[in-house]
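Trainee: kindly generate the corresponding structure for this input.
(one chain, ligands or ions: 2)
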Amino acid sequence: MIDFGFQINCGHSINLDIDRFPLKQLEETVGSFRKCIRCGTCTATCSAAQFTDFNIRKIHTTFYSGIYDELADSLKQCMLCGKCTLVCPRGVNLRFLVISLRKILKENNL
Ligand code: SF4
Ligand code: SF4
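Mentor: Ligands and ions are numbered 1, 2, ... in the order given. Reported below is the predicted structural model:
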């Protein structure tokens, strides 16, 4: 098989019966998150993504879907440089989002 240098993500289902409280907390804390159009510009410019498998778009999208597995560990890779916030076409404050996500995951033991 040809190695293209990337992998296709495994398929997963979204459980709509999950507890939406953490998402509500995030939307109340980082109001700009509601404007995200999942374009991926944040990931394309991310400093951490250049050296690791860190993917900020994947993280906030899976959190939005109620999938919390390994998010807290992944978020440790973010260097809080703020480049993602500068390039986001929708004005999402991603640096603040990472800080808030870390706090919310910890508060909810996720
Ligand atoms: S750059 Fe902004 S709009 Fe695009 S995926 Fe990232 S947060 Fe969402
Ligand atoms: S603040 Fe974190 S998520 Fe944003 S570009 Fe820097 S390392 Fe990536």
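
Trainee: use CA for all of it now, contacts and neighbours both
Mentor: Noted.

Trainee: tell me the mean pLDDT over the helix or strand Ser100 falls within?
Mentor: Per DSSP states H and E, Ser100 falls inside helix 94-107. Helix 94-107 carries an average pLDDT of 95.

Trainee: centre of the chain to it, how far?
Mentor: Distance of helix 94-107 from the chain centroid (Cα atoms, centre = their mean, to the nearest Å) equals 10 Å.

Trainee: before we move on, what about stretch 12-24?
Mentor: 15 Å.

Trainee: so how far is ligand 2 from Thr43?
Mentor: Separation of Thr43 from ligand 2 (Cα to the nearest ligand atom, to the nearest Å) stands at 7 Å.

Trainee: cool, Cys81 as well?
Mentor: 4 Å.

Trainee: please save the CA atoms from the helix holding Ser100 in PDB.
Mentor: Output of helix 94-107 as PDB, limited to C-alpha atoms (Å, rounded to 0.1, in the frame of the first residue of the first chain):
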ATOM      1  CA  LEU A  94      -8.700  28.900  20.300                       C
ATOM      2  CA  ARG A  95      -6.000  29.600  22.900                       C
ATOM      3  CA  PHE A  96      -8.600  30.400  25.500                       C
ATOM      4  CA  LEU A  97     -10.600  27.400  24.300                       C
ATOM      5  CA  VAL A  98      -7.700  25.100  25.000                       C
ATOM      6  CA  ILE A  99      -7.200  26.600  28.500                       C
ATOM      7  CA  SER A 100     -11.000  26.300  29.100                       C
ATOM      8  CA  LEU A 101     -11.200  22.700  27.800                       C
ATOM      9  CA  ARG A 102      -8.400  21.600  30.200                       C
ATOM     10  CA  LYS A 103     -10.300  23.200  33.100                       C
ATOM     11  CA  ILE A 104     -13.700  21.700  32.100                       C
ATOM     12  CA  LEU A 105     -12.300  18.200  31.500                       C
ATOM     13  CA  LYS A 106     -10.600  18.400  34.900                       C
ATOM     14  CA  GLU A 107     -13.800  19.700  36.700                       C
END
